[in-house]
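1. give me the fold of what follows.
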Amino acid sequence: MTTEGAVFFVKAAPAAAPVAGHLLRERTANQALPAGIPAPRLLWAADVADWHLLLFEHAPGREADLAPGSPHVPAVVDAVAAISAPCPWPDAPSITGKVTALLRQAEALMAESPAEHARYGPLVKALDLNELDGTALLHADLHAGNLLVDGDRCQVVDWSMACQGAPWVDMVFLVPRLIDAGHTPAEAEDVAAWVPAWTSAPRDAVTTLAATRALFAARMAEVGPAPLQAKRLRTAAACRAWVEYRTS
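-> All right, here's what the predicted structure looks like:
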């Protein structure tokens, strides 16, 4: 939205829409974000005529380029490191809720595919949700479209899945995006190592979460518009490549 002398970003949804819950979570999360978190500030929010309305600062920049050698990658890493802070929202849901939903879809795919079960069943079964729990702020949906880079600064947008958990979990979700952008699994892990929280990541927990996400993405690729299906298949392929690297 552009007004005289200023530009803002507006998000809105009907209160009865399926996405309304995401918008309400984004509102609550953004209201709690401290100044040190690199994200556009929420300036105003209201419920009007059965609509949820959010007004944000405009975030300059463009979608992050996550390819090897991109000057955006250091800015992205700095932003991810900055958000790996204690969660300022005491009642934030746990990341285990999201991962439980991933598990359900992974198990459904394995029930239909003996080959998937043979390859990934032991890894998925070994996933320990307790290792993912914690009190760090998590964005839980890091991808290039939610990382806006302007010069050497990256801002993280769309906090509609914000939650709390172990501080390294966001990097587990970002590594496959780096692989999809052209990094080898080893190179992607080298990038992840720039984030201090990565040093506390239990090896088995990372591997089992990556395996679960691979099956979740493959399952979700069975539905939706063709471009979204293709994107989910790429995510699944990147996760599979990462799991192969970690278990070889």
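
2. ok, residue 44 touching residue 55?
-> Yes. Counting by Cβ atoms under 8 Å, residue 55 is a contact partner of residue 44 at 4.2 Å. Yep, even glycine has a C-beta here, placed from its N, CA and C like the rest.

3. so how far is residue 101 from the nearest residue to residue 247 once chain neighbours are set aside?
-> In this structure, residue 247 finds its nearest non-sequential neighbour in residue 207, 6.5 Å apart by Cβ to Cβ, 6 or more residues apart in numbering. Counting by Cβ to Cβ, to the nearest Å, the gap from residue 207 to residue 101 is 20 Å.

4. out of those two, which sits in the more crowded spot?
-> residue 207 (19 against 11; other Cβ atoms under 10 Å).

5. so who does the more buried one touch?
-> Going by Cβ atoms under 8 Å, 6 or more residues apart in numbering, residue 207 touches 123, 243, 246-247.

6. three-state assignment of the residue nearest to the spatial centre of the chain?
-> Within the chain, one residue has its C-alpha closest to the average C-alpha position: by Cα atoms, centre = their mean, that is residue 141, at 1.8 Å. What DSSP: H, G, I helix; E, B strand; the rest coil gives for residue 141 is coil.

7. quick check: longest helix of the protein.
-> helix 226-247 (DSSP state H).

8. contacts for it, please.
-> Here helix 226-247 has contacts from 120, 123, 175-177, 179-180, 184-186, 188, 203, 206-207, 210-211, 213-215, 217-218, 220-224, using Cβ under 8 Å, 6+ apart.

9. same deal with stretch 77-87?
-> 34, 36-39, 135-139, 142, 147, 154-156, 164, 167-168, 170-171, 174, 191, 194-197.

10. can you give me the offset of it from its chain's centre?
-> Relative to its chain's centre, stretch 77-87 lies at 13 Å (Cα atoms, centre = their mean, to the nearest Å).

11. having no further points to raise, I will conclude here.
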